[in-house]
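>>> Quick one: sequence plus predicted model below, questions after.
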Amino acid sequence: MKTGLWLIMALLLSACSSRYQHREDFSPPVPPDLSTLKEPTPTSEALSVMGNGPTYKVLGKRYQVLEQPRTFREAGTASWYGMKFHGHATANGEIYDVYQFTAAHKTLPLPSYVKVTRQDNGKSVVVRVNDRGPFYKDRIIDLSYVAAHKIGLDISGTAPVTIELLKPPLPDKVRWVQVSALSDQPSANKQQQALRDALKPLTWPVEVYQGKLNGKPLHKVRIGPVPEGKPLQDLLARLDKLHINNPVVLGAHQLN
């Protein structure tokens, strides 16, 4: 990641930004039954385009992001973050939701899946790490509200925990190339098949993604995931020869 972009991303980190509408953090309204919210299933996802610079600096301290860790285990203090950050971008560009099982960690690559176990009561929770932090004293992980609730951390505020890496992300950053967004599904399906034929032998999937614009259906023809670097540049060159003008290159956080 270029230095300028990474400096911008450092300003987006949850623990040190001043862009929030609330000065202090607070608990969210509690749904009727938090037990209906399910922990994520650990899987190796594509490495996030944002939030994975080799190093970054916060509050005068520089941190180095771990590169392709196979195992990781750490003990220390866990905390949680709530409504002050709800609805704002995390370090990898996704939107923080207090009711999703997510977490912030200073050095794990994004997104990673970890198991967090309280040392004092044995309760554990699986979370998806998609943010940076916490940048406060000896704390090693910030949990979302629902993850904190799962192990009673919403009551105690902090607790000694052990975290264990379950699934790191895939080693390569990937992108999706969107060639069109059409209101007519048959037209999108026709373009999908034409691209599959034109790009044979087919290296990357060509799919039609369903979305909406102003409440009306929108059918997005996309190719991917495609690794950044030469594979992505080769694909863009092939599309240019097919006279497909101005394709849009998307990261995982832009796929809605």
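Here it is on my side, so go on.
>>> can you map out the helices along this structure?
Remark: helices assigned in the chain by DSSP state H are 3-12, 145-150, 153-156, 185-198, 230-241.
>>> measure stretch 60-75 end to end?
One end of stretch 60-75 to the other measures 24 Å (Cα to Cα, to the nearest Å).
>>> To residue 101, which of the helices of the chain lies closest?
When the helices of the chain are compared by Cβ to Cβ, helix 145-150 sits nearest residue 101, at 4.9 Å. C-betas here are computed from N, CA, C, even on glycine.
>>> export the closest one as PDB, just CAs?
Presented in PDB, the C-alpha positions along helix 145-150 are these (Å, rounded to 0.1, in the frame of the first residue of the first chain):
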ATOM      1  CA  TYR A 145     -20.600  -5.700  21.900                       C
ATOM      2  CA  VAL A 146     -22.300  -9.000  21.100                       C
ATOM      3  CA  ALA A 147     -19.000 -10.900  21.300                       C
ATOM      4  CA  ALA A 148     -18.200  -9.200  24.700                       C
ATOM      5  CA  HIS A 149     -21.700 -10.200  25.900                       C
ATOM      6  CA  LYS A 150     -21.100 -13.800  24.900                       C
END
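>>> Buried deepest among the helices of the chain, which one?
The highest mean neighbour count among the helices of the chain belongs to helix 145-150 (a mean of 25), with neighbours defined as mean count of other Cβ atoms under 10 Å.
>>> Give me the longest strand you can find in this structure.
Across the chain, the longest stretch assigned as strand under DSSP state E is strand 216-227.
>>> got the buried residues for that strand?
219-227 (16 or more other Cβ atoms under 10 Å).
>>> now swap in stretch 193-212 and tell me
Within stretch 193-212, the residues scored as buried using 16+ other Cβ under 10 Å are 195, 199, 204, 206, 208.
>>> Now mean pLDDT and distance to residue 174 too, for the helices of the chain, in JSON lines please.
Converted to JSON lines, those look like this (pLDDT from 0 to 100; distance: least, Cβ to Cβ, whole Å):
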{"stretch": "helix 3-12", "mean pLDDT": "41", "distance to residue 174": "18"}
{"stretch": "helix 145-150", "mean pLDDT": "94", "distance to residue 174": "26"}
{"stretch": "helix 153-156", "mean pLDDT": "90", "distance to residue 174": "33"}
{"stretch": "helix 185-198", "mean pLDDT": "96", "distance to residue 174": "18"}
{"stretch": "helix 230-241", "mean pLDDT": "94", "distance to residue 174": "8"}
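>>> Rebuild the ones you listed as CSV, extending it with distance to residue 103.
CSV is the format used below for those (distance: least, Cβ to Cβ, whole Å):
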stretch, distance to residue 103
helix 3-12, 17
helix 145-150, 6
helix 153-156, 11
helix 185-198, 37
helix 230-241, 30
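>>> among the ones you listed, which is nearest residue 177?
Using Cβ to Cβ, the nearest of the helices of the chain to residue 177 is helix 230-241, at 6.2 Å.
>>> picking up where we left off before, sitting in strands, which of the buried residues of stretch 193-212 do you find?
206, 208.
>>> Give me the contacts around stretch 30-39.
With Cβ atoms under 8 Å, 6 or more residues apart in numbering as the test, stretch 30-39 has contacts from 99, 101, 125-127, 146, 149-150.
>>> Show me which pair in these is furthest apart.
99 and 126 (15.2 Å).
>>> Mind checking which of the two has more residues around it?
residue 126 (20 against 16; other Cβ atoms under 10 Å).
>>> domains in the protein, as residue ranges please.
For the chain, automatic domain parsing gives the domain ranges 3-167, 174-254.
>>> among those, where is the model least confident on average?
Within the domains of the chain, the stretch with the lowest mean pLDDT is domain 3-167, showing a mean of 85.
>>> Now residue 103: closest residue in space, sequence neighbours ignored.
Nearest non-adjacent residue to residue 103, counting by Cβ to Cβ, 6 or more residues apart in numbering: residue 127, 4.2 Å away.
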